[in-house]
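S.K.: structure, please.
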Amino acid sequence: MGDRGPAVSGAHNTIVCARAGKDLVSSLVSGLLTIGDRFGGALDGAAAQFTEAFDSGLIANDFVNKAKKEGVLIMGIGHRVKSINNPDKRVTLISEYAKQNFPTTPLLDYAREVEQITTKKKPNLILNVDGCIALCFVDLLRHSGF
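M.R.: This is a model prediction of the structure:
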């Protein structure tokens, strides 16, 4: 259940199905089917949004302003519990690993620039673990010679 406990949709549905006597696979599937942009599905959205902004040459501030103007969330930014004052250790660990072991990390660096802007607005608008994983994966694929 990670950092959000049993009340998030995926965990809740899995628990309800299991308590209703459903088999393990059915219970797990009921939880997995709730994955979307607002729960557990930010990886794809973050990879797409950040890649598009970075590749089009948008500076971080313009990316944030464009998202605000269009009324869209920036996938991979924001956390209910963690903040700039209470950072997510998973993000720190993954970021440090990528910086030490990947050939280059331009999307991760770009996301950190975005984070500098968003956390001035609200301290919990940090690069979250979904965003970090997604952008590190894109950096790895793009710069590993494949």
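S.K.: now name the helix or strand holding the residue in the chain sticking out farthest from the centre.
M.R.: Going by Cα atoms, centre = their mean, the residue of the chain most distant from its centre is G21, 33.1 Å out. G21 is part of no helix or strand when elements are defined by DSSP states H and E.
S.K.: mind checking pLDDT for it?
M.R.: Looking at G21, its pLDDT stands at 92.
S.K.: roughly how far does it sit from S27?
M.R.: Applying Cβ to Cβ, to the nearest Å, the value for G21 to S27 is 10 Å. For every residue, glycine as well, the C-beta is placed using N, CA and C.
S.K.: list the contacts for the residue farthest from the centre of the chain?
M.R.: If a contact means Cβ atoms under 8 Å, 6 or more residues apart in numbering, then G21 has no contacts.
S.K.: backbone dihedrals for it, please?
M.R.: With angles defined as degrees, to the nearest 10, G21 sits at phi 90, psi 10.
S.K.: all helices for the protein, in order.
M.R.: Taking DSSP state H, the helices of the chain run over residues 9-19, 24-32, 42-55, 60-70, 89-101, 106-121, 129-142.
S.K.: helices or strands up against the first one?
M.R.: If I follow you right, that is helix 9-19. When contacts are defined as 3 or more Cβ pairs under 8 Å, 6 or more residues apart in numbering; DSSP states H and E, helix 9-19 sits against helix 24-32.
S.K.: in the helix it packs on, what's buried?
M.R.: Across helix 24-32, burial judged by 16 or more other Cβ atoms under 10 Å covers 27-28, 30-31.
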